[in-house]
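In: give the three-dimensional model of this entry:
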Amino acid sequence: MTSLDWIVLIATIAFIVIYGWWKTRGHQDINTYLRGGNELKWPTIGLSIMATQASAITFLSTPGQAYEDGMRFIQMYLGLPLAMIVIAAFIVPIYYKLNVFTAYEYLELRFDVKMRFLGAFLFLIQRGLAAGITIYAPSIILASVMGWSLQITNVVIGTIVILYTVSGGTKAVSQTQKQQMVVIMTGMFIAAFLILYRLPSNVSVSDATSLAGALGRMNVIDFGFGFKDRYNFWSGIIGGFFLAMSYFGTDQSQVQRYLSGRSITESRLGLLFNGMLKIPMQFIILYIGVLVFVFYLFHKPPIFFNTPALQALKKTQNAGKLADLQKRYDAAFLKQKAAASAFINARKAGDTQRIQQTKRSFQESAKHLEALRKSTRLLIYDNVPRAKKSKEADYIFIFFIINILPAGIIGLLIAVILSAAMSSTASELNALGTTTVIDFYRRTIRPKASDKHYVIASKVFTVFWGVVALAFASFASLVDNLIEAVNILGSIFYGTILGIFLVAFFLKRVGTNATFVAALIAQTTILTLFFTTQLGYLWYNLIGCAIVVVLSLLLRPLDRQAAA
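Out: Numbering: from 1, shown residues only. Reported below is the predicted structural model:
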């Protein structure tokens, strides 16, 4: 990075953090610290909700996933708008009526304290681990590509987040997230514009889309049904709906965002704002990945995007094999480039027969090139074990940023990645601290302490969870795509949590014991499915939720026995 990049990067991050601190300075009581004094308007709530969900993993992994797998990941969000409507209509009024700090307080009011502890405990487990991943994921990639120390990168990201989260609480998190989302979307639009600008002059947006479509990258909707298929219309609309219901309706990191609203109306509008913009935002990010893919049809990409791992392979006894693969890859790229140009020319000429011929030639050349890349990937994984810690797709967009974009823009987009990391991590730490204090500390240890005491305790527990997240980030070793790792982790727990809340909201005749046993069986079942089957993870949300609801109805005699 140049001096200009460092100036842009440091100035952007410093402005966001200082602005958040300045907007939240002054006296803090428990309501101000944990619910922002209920002063937030719907635009801030909506942007804060989006920023909480859009971690750095979103902006590192999603373009790379589209590069390798196309647009089908967008289907994961198909159920989200409907979930926002249901939550706004039925769940938000319940939380406001009860005037709760956390979603899990409601479970004690509806059932008893053990249900509250179970819901809060499941949240702390999955969100505590997720906080570590949201720090580790960008750190391992930035450290690898930029030559930074992984441990120092973890500590820098984590420390900055801990400082402003502890300083200003919920309001600081929401205010900084608003600025972070502005920086994030500005950076992504600039990246999209620059990619289009760098394409060959004879390649239009329509041509780029056709090239990507010819190689299966514009597979936006797939109506085929399969339980092992992670992304199709049915898993997205059904499994995605239950995932969104649980995440936005019962996960404290999101509930805390809209419980800070001025009114029910402001909170509802914030949720609906997220429901309207989330899919278009994800579409744009995925399409940026597709554009990067088209860019590299005309500008030779590396044979493996994790360049430090590639360099490490060159120092092994298999360097000769790599050199041979590289030579064949260079020739195959030239052939693919010529085939892509021929396909574009045929389209412009409108010759149907020639279009089909050039398309087949283009697809065959791309298939051969991908086979060489796969051979290289396997060779690297066999000789450089640390390369398996993250998928190659996670390096594609950051490689493009650093090697293709101009000075200044590189600093801005690194700021985008760090902003996203900080925004999601801040929400998680804020929610973890709040849940620990409200649902465990105040409930069982110090039930009658002063507001000042609970504010201090919240800050202490926020620091504690920040340290836990940093510790996990320091020793984490991820498998598969980073963004999938986070979503899989959530899906393992979200179905059970959502089932508990749905029983609480809508099945008034079902009592504590039936629901508690059903939840334990559901969570055990989901963990078993995760370790023993290839089931697409979005289905965990539906299955876990369904088991809790159905079993709680069947186990109602347990409630009658307890009453007797």
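
In: mind listing residues that contact the host helix or strand of residue 14?
Out: When secondary structure is defined using DSSP states H and E, the element that contains residue 14 is helix 3-23. Counting by CB atoms under 8 Å, 6 or more residues apart in numbering, the neighbours of helix 3-23 from elsewhere in the structure are 1, 160, 163-164, 167-168, 171-173, 175-176, 179-180, 183, 407-408, 410-412, 414-415, 418-419, 422. Placement of C-beta: from N, CA and C, glycine included.

In: how about it as PDB, C-alpha atoms only?
Out: C-alpha atoms of helix 3-23 as PDB (Å, rounded to 0.1, in the frame of the first residue of the first chain):
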ATOM      1  CA  SER A   3       1.300   6.400   1.700                       C
ATOM      2  CA  LEU A   4      -2.000   7.700   0.200                       C
ATOM      3  CA  ASP A   5      -3.700   4.400   1.000                       C
ATOM      4  CA  TRP A   6      -2.500   4.500   4.600                       C
ATOM      5  CA  ILE A   7      -3.800   8.000   5.000                       C
ATOM      6  CA  VAL A   8      -7.200   7.100   3.500                       C
ATOM      7  CA  LEU A   9      -7.400   4.000   5.700                       C
ATOM      8  CA  ILE A  10      -6.400   5.600   9.000                       C
ATOM      9  CA  ALA A  11      -8.500   8.700   8.400                       C
ATOM     10  CA  THR A  12     -11.600   6.700   7.500                       C
ATOM     11  CA  ILE A  13     -11.400   4.400  10.600                       C
ATOM     12  CA  ALA A  14     -10.500   7.300  12.900                       C
ATOM     13  CA  PHE A  15     -13.400   9.400  11.700                       C
ATOM     14  CA  ILE A  16     -15.900   6.600  12.300                       C
ATOM     15  CA  VAL A  17     -14.600   5.800  15.800                       C
ATOM     16  CA  ILE A  18     -14.300   9.500  16.900                       C
ATOM     17  CA  TYR A  19     -17.700  10.300  15.500                       C
ATOM     18  CA  GLY A  20     -19.300   7.400  17.400                       C
ATOM     19  CA  TRP A  21     -17.600   8.500  20.600                       C
ATOM     20  CA  TRP A  22     -18.600  12.100  20.200                       C
ATOM     21  CA  LYS A  23     -22.200  11.300  19.500                       C
END
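
In: next helix or strand past it?
Out: Taking DSSP H and E as the definition, the helix or strand that follows helix 3-23 towards the C-terminus is helix 30-35.

In: so which elements touch the helix or strand just after that following helix?
Out: Towards the C-terminus, the helix or strand next in line after helix 30-35, according to DSSP H and E, is helix 42-53. Contacting helix 42-53 under the criterion 3 or more CB pairs under 8 Å, 6 or more residues apart in numbering; DSSP states H and E are the following elements: helix 150-198, helix 252-258, helix 264-298, helix 409-435.

In: what comes into contact with the shortest one?
Out: Contacts of helix 252-258 with the rest of the structure, by CB under 8 Å, 6+ apart, involve 34-35, 45, 48-49, 52-53, 92, 95, 102-104, 123, 127, 170, 174, 247-249, 267, 270-271, 427-428, 430-432, 434-435.

In: please indicate which of those residues are buried?
Out: By neighbour count, with 16 or more other CB atoms under 10 Å, the contacts of helix 252-258 hold 34-35, 45, 48-49, 52-53, 92, 95, 102-104, 123, 127, 170, 174, 247-249, 267, 270-271, 427-428, 430-432, 434-435 as buried.

In: circling back to that earlier point, least confident of the helices and strands packed on helix 42-53, on average?
Out: Between the helices and strands packed on helix 42-53, the one with the least mean pLDDT is helix 150-198; it has a mean of 78.

In: tell me the angle the helix holding residue 14 makes with helix 150-198.
Out: Inter-element angle recorded for helix 3-23 and helix 150-198: 110 degrees (by axes from the mean of the first three to the mean of the last three CA atoms, to 10 degrees).

In: start at 272, not 1
Out: OK, 272 is where the count begins now, so the last one is helix 274-294.

In: can you check what angle separates helix 274-294 from helix 680-706?
Out: Using the same axes, to 10 degrees: helix 274-294 against helix 680-706 is 30 degrees.

In: all helices of the stretch 572-721 of the chain, in order?
Out: 578-584, 590-620, 623-654, 664-675, 680-706 (DSSP state H, counting those that start in this stretch).

In: pick the most deeply packed of those helices.
Out: Ranked by mean neighbour count, the helices of the stretch 572-721 of the chain are led by helix 680-706 with a mean of 27 (mean count of other CB atoms under 10 Å).

In: so residue 350 sits right up against residue 509, yeah?
Out: Yes. Taking CB atoms under 8 Å as the definition, residue 350 is a contact partner of residue 509 at 6.7 Å.

In: give me the more crowded residue out of these two.
Out: When neighbours are counted by other CB atoms under 10 Å, residue 350 and residue 509 differ, and residue 350 comes out ahead with 22 against 16.

In: the more buried one: what's it in contact with?
Out: By CB under 8 Å, 6+ apart, the residues touching residue 350 are 507, 508, 509, 510, 511, 512, 513, 514, 515.

In: how far away is residue 700 from residue 477?
Out: 45 Å (CB to CB, to the nearest Å).

In: again, but for residue 759
Out: Per CB to CB, residue 759 is found 36 Å from residue 477.

In: more neighbours: which of those two?
Out: With other CB under 10 Å as the criterion, residue 759 and residue 477 differ in neighbour count, and residue 759 comes out ahead with 18 against 9.

In: okay, now the nearest residue to that one once chain neighbours are set aside: neighbour count?
Out: Counting by CB to CB, 6 or more residues apart in numbering, residue 808 is the residue found nearest to residue 759 once chain neighbours are left out, at 4.6 Å. The criterion is other CB under 10 Å. On that basis, residue 808 has 21 neighbouring residues.

In: sweet, I'm off.
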